[in-house]
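> predicted coordinates and the sequence they were generated for:
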Amino acid sequence: MFVDAIERVDLFTRPLHSIVRLYGHDVVVPGTATLFFVNQEGCAVTCKHVADLIAQADSIFQNYREFQGARKAVLRDKNASHLISQLEAKYKLSVDTIIRVRNNFVGCVDQFQQLHIDRHPTQDLALLRFEGFNRILYKAYATFLGDTSRIKPGRSLCRLGYPFPEFTNFRYNAALDDIEWISTGRATSPSFPIDGIVTRLSGDGNTISGIELSTPGLRGQSGGPLFDTNGLIYGMQSATSHLHLGFDIEDHEVLINGRKRRVSNYPFLNVGRCVHVDVIKAFLREKGVTFYEG
């Protein structure tokens, strides 16, 4: 049902590949997110929580570099261990702290000198503007739904994104004690569609700002487009909500592989949350960005 629409939407939907390093580890953790372009001028939208990680990449690494400098100064002190613990507290470093993020915008533009980010004040929405590029690498741009009264419970829609980080073109460089992109390995990850029906609309007062889908949005699909069978954009995947169903089972005896076991189960329904197309269009108008309706 969505075959043709996915082919259309895929032309302007692009992955953000990220590699992350945590404090105290040399393991490289890959991750993905999604963005889609709204015109031929290098303007794209994604989630605000994705844009925040992009914007914070430099400050995260700067904080770690400052810690490294301070740590080096106390290494020969007889109380080095205690002083390093104090520095870890000062620079807010623990085993789960991100100390390095590197991002790669795949198939977006040939190069860029600056990335301008505008964040929506209340919604999980951000505008990315690539500046200083020579040519665009995406093949089309989004067409947004004009008549939004068509967004009703029961309508089938689809989302497209990049939930599975299957790229391998990265490594930990022991000589530099840093993570980096490399020219070998797999540089791509497959796009992944997931459909569902509209279950509910959400918002404040008389203003609708969100669309709920009967199926979850997958990690890495954040920032991906929500569209119909014609490829018209209805919104943007933002998050997943976990609705407690109340069908709880506690200490129930069941037969598993021929043996009796006592189990408990607390089921949830995972549903997708999307930013409504009207919110996206209003934000683009506010920022003076060209976009198209159909």
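Happy to help now that I have it.
> isn't residue 115 right next to residue 132, touching?
No - applying C-beta atoms under 8 Å, one finds residue 115 not in contact with residue 132, separated by 9.5 Å. Using the backbone N, CA and C atoms, a C-beta is placed for each residue, glycine as well.
> how about the contacts made by residue 230?
5, 294 (C-beta atoms under 8 Å, 6 or more residues apart in numbering).
> hmm, 10 Å instead?
With contact taken as C-beta atoms under 10 Å, 6 or more residues apart in numbering, residue 230 is in contact with 2, 4, 5, 8, 143, 145, 294.
> looking at neighbours, which among those is most surrounded?
Within the contacts of residue 230, residue 145 tops the neighbour count with 22 neighbours, counted by other C-beta atoms under 10 Å.
> tell me which of the contacts of residue 230 is nearest to residue 217?
Proximity of the contacts of residue 230 to residue 217 was ranked by C-beta to C-beta; the top entry is residue 2 with 15.6 Å.
> check what pLDDT the closest one gets.
Predicted confidence (pLDDT) at residue 2: the value is 97.
> what's the burial count for residue 114?
9.
> apart from its neighbours in sequence, what residue is nearest it?
Leaving aside its sequence neighbours, residue 114 sits nearest to residue 131 (C-beta to C-beta, 6 or more residues apart in numbering; 4.5 Å).
> which residues touch that neighbour?
41, 42, 109, 112, 113, 114, 115, 116.
> would you list those residues in CSV and tack on secondary structure and pLDDT?
Listed next are the contacts of residue 131 as CSV, based on DSSP: H, G, I helix; E, B strand; the rest coil; pLDDT from 0 to 100:
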residue, secondary structure, pLDDT
41, coil, 97
42, coil, 97
109, strand, 97
112, coil, 95
113, coil, 95
114, strand, 96
115, strand, 97
116, strand, 97
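> mind putting those residues into a markdown table with distance to residue 270?
What follows is those, written out as a markdown table (distance: C-beta to C-beta, whole Å):
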| residue | distance to residue 270 |
| --- | --- |
| 41 | 36 |
| 42 | 34 |
| 109 | 35 |
| 112 | 36 |
| 113 | 40 |
| 114 | 38 |
| 115 | 32 |
| 116 | 34 |
